[in-house]
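Asker: fold the following for me, if possible:
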Amino acid sequence: MTENRPIYITGPTASGKTGRAVSLARRLDAEIVSADSRQVFRRMNLGTGKDLEEYGDVAYHLIDVVEPGEPYNLFRFLADANAALDDIERRGGQAVVCGGSGMYVEALARGTRLPEVPPDEELRRRLRGESLETLTGILAGMKTLHNSTDTDTVARAIRAIEIETYYAAHPELKPEPLSHTPLRQPLIVGVEIDREMRRRRISSRLRSRLDSGMVDEVAALLAEGVSPETLIGYGLEYRFITLHLIGQLTLDEMITQLEIAIHQFAKRQMTWFRGMERRGLTLHWLPFDMPEDEFVDQVVALHKEYYDGV
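Answerer: This next block holds a predicted model:
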């Protein structure tokens with residue numbers, strides 16, 4: 001390696017990116033920095049797909065760092081991820097950033113810095129009780145909605161409006177738009193998987209995780225006092241399983257609706273990644289079924305080629 005700049009491994013859910021990142025980290029004696037918006041929460045394992053058994057002796061960061069229900073957002077992620085990357089660099093190590101949360105991956109790769117936006121209790125009181133459709137309309141009048149992340153739930157929509165309201169009052173603090181291209185882009189490798197194979201792997205993985213006790217995992221969180229509203233706000237597995245456990249969905253309805261939602265989520269992930277490319281970032285796509293050693297060889301070669309050319 002000519003320089004120990006981070007290597008990013010990303011891709012849609014069920015593409016196998018974690019295993020690829022771990023293999024790369026083993027080859028380079030590197031540490032993994034997770035870029036997943038839900039794997040930060042402790043005891044949320046099956047539903048977030050942590051697959052910690054894959055890591056073995058590979059060191060990792062930003063997994064199991066906060067309690068369920070504790071606020072965690074892009075601001076905190078950037079602070080934590082940059083602290084981890086700075087620490088790895090200071091020790092002369094190599095970092096592999098791995099995750100499918102496109103907004104997190106893109107913001108970190110671009111070097112985005114965000115001011116901390118304080119809560120606006122008066123605004124929250126005014127918006128409380130509004131429908132998600134109404135909140136989405138308000139937010140759309142404040143900024144361009146590139147994806148549905150900000151409007152997945154009422155709580156997220158209110159927070160997004162809160163942030164935009166703060167920036168309107170403090171325009172000097174608003175971060176540069178995502179269309180800004182960094183002077184030196186990091187190497188970002190995407191694990192590419194065709195739509196039909198992705199769908200099959202999602203369905204198979206969902207069945208496996210349900211068989212492994214994913215419903216019990218959510219039930220345990222509820223039993224320890226995490227509110228249904230909080231779990232529903234985490235979306236996907238936690239949303240639909242919680243709705244089942246509080247009696248709003250039958251088991252069959254839960255499984256059917258959850259599977260559909262995960263497929264839709266994967267599609268939104270791919271939309272975000274393609275948007276990253278339109279906004280000036282280069283993603284090097286490698287097939288998900290490439291032999292492990294060949295995948296690692298390709299990434300190492302890309303890394304060397306990139307830095308030899310700058």
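Asker: sec struct for the residue lying closest to S227 once chain neighbours are set aside, please.
Answerer: What sits nearest to S227 in space, not counting adjacent residues and going by C-beta to C-beta, 6 or more residues apart in numbering, is G69, at 7.1 Å. All C-beta spots, glycine's among them, are computed from the backbone N, C-alpha and C. Counting by DSSP: H, G, I helix; E, B strand; the rest coil, the backbone at G69 sits in coil.
Asker: can you list the helices and strands that the lowest-mean-pLDDT helix or strand in the chain packs against?
Answerer: Least confident helix or strand of the chain, by mean pLDDT, DSSP states H and E, is helix 154-169 with a mean of 86. Counting contacts by 3 or more C-beta pairs under 8 Å, 6 or more residues apart in numbering; DSSP states H and E, helix 154-169 is packed against helix 121-127, helix 132-140, helix 228-233.
Asker: can you add distance to G49 and mean neighbour count and give those back as TSV?
Answerer: Formatted as TSV, the helices and strands packed on helix 154-169 follow (distance: least, C-beta to C-beta, whole Å; neighbours: other C-beta atoms under 10 Å):
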stretch	distance to G49	mean neighbour count
helix 121-127	31	12
helix 132-140	26	15
helix 228-233	16	18
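Asker: can you put those helices in JSON lines and add mean pLDDT and distance to D297?
Answerer: Formatted as JSON lines, these follow (pLDDT from 0 to 100; distance: least, C-beta to C-beta, whole Å):
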{"stretch": "helix 121-127", "mean pLDDT": "92", "distance to D297": "51"}
{"stretch": "helix 132-140", "mean pLDDT": "90", "distance to D297": "45"}
{"stretch": "helix 228-233", "mean pLDDT": "94", "distance to D297": "42"}
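Asker: so what's the residue most central in space within the chain scoring on pLDDT?
Answerer: The chain has S101 as the residue nearest its centroid, 2.2 Å off, counting by C-alpha atoms, centre = their mean. S101 carries a pLDDT score of 95 in this model.
Asker: was I right to think it contacts S34?
Answerer: No: the criterion here is C-beta atoms under 8 Å, and S101 misses it with S34 at 9.2 Å.
Asker: what segments of the stretch 151-300 of the chain are strands?
Answerer: 187-192, 283-287 (DSSP state E, counting those that start in this stretch).
Asker: residues in contact with the shortest one?
Answerer: Spelled out, it's strand 283-287. Strand 283-287 has contacts (C-beta atoms under 8 Å, 6 or more residues apart in numbering) with 10, 187-193, 273, 276-277, 295, 298-299, 302.
Asker: could you list the paired strands of it along with their orientation?
Answerer: If you go by DSSP bridges, strand 283-287 pairs up with strand 187-192 (parallel).
Asker: any figure for the gap between the residue nearest to S227 and L221?
Answerer: Going from G69 to L221 by C-beta to C-beta, to the nearest Å gives 9 Å.
Asker: so these two - more neighbours on which side?
Answerer: A direct count of neighbours by other C-beta atoms under 10 Å for G69 and L221 places L221 higher, at 25 against 17.
Asker: the residue lying closest to the more buried one once chain neighbours are set aside and S208, how far apart?
Answerer: Spatially, and ignoring its direct neighbours in sequence, L221 is nearest to P68 (5.7 Å; C-beta to C-beta, 6+ apart). Distance of P68 to S208, computed by C-beta to C-beta: 23 Å.
Asker: likewise for A14?
Answerer: Remark: distance between A14 and S208 (C-beta to C-beta) = 11 Å.
Asker: one step back: and L281, which of the helices and strands packed on helix 154-169 is closest to it?
Answerer: Closest approach to L281 among the helices and strands packed on helix 154-169 is made by helix 132-140 (24.4 Å; C-beta to C-beta).
Asker: and for the spatially closest residue to Y167 that is not a sequence neighbour, the neighbour number?
Answerer: Excluding the flanking residues, the one nearest Y167 by C-beta to C-beta, 6+ apart is K174, at 4.2 Å. Using other C-beta under 10 Å, K174 is surrounded by 14 other residues.
Asker: picking up where we left off before, neighbour count for P68 and S208, which is higher?
Answerer: Using other C-beta under 10 Å, the more surrounded residue of P68 and S208 is P68, with 20 against 11.
Asker: I'd say that one and V226 touch.
Answerer: Yes: here P68 reaches V226: they are 4.7 Å apart, a contact under C-beta under 8 Å.
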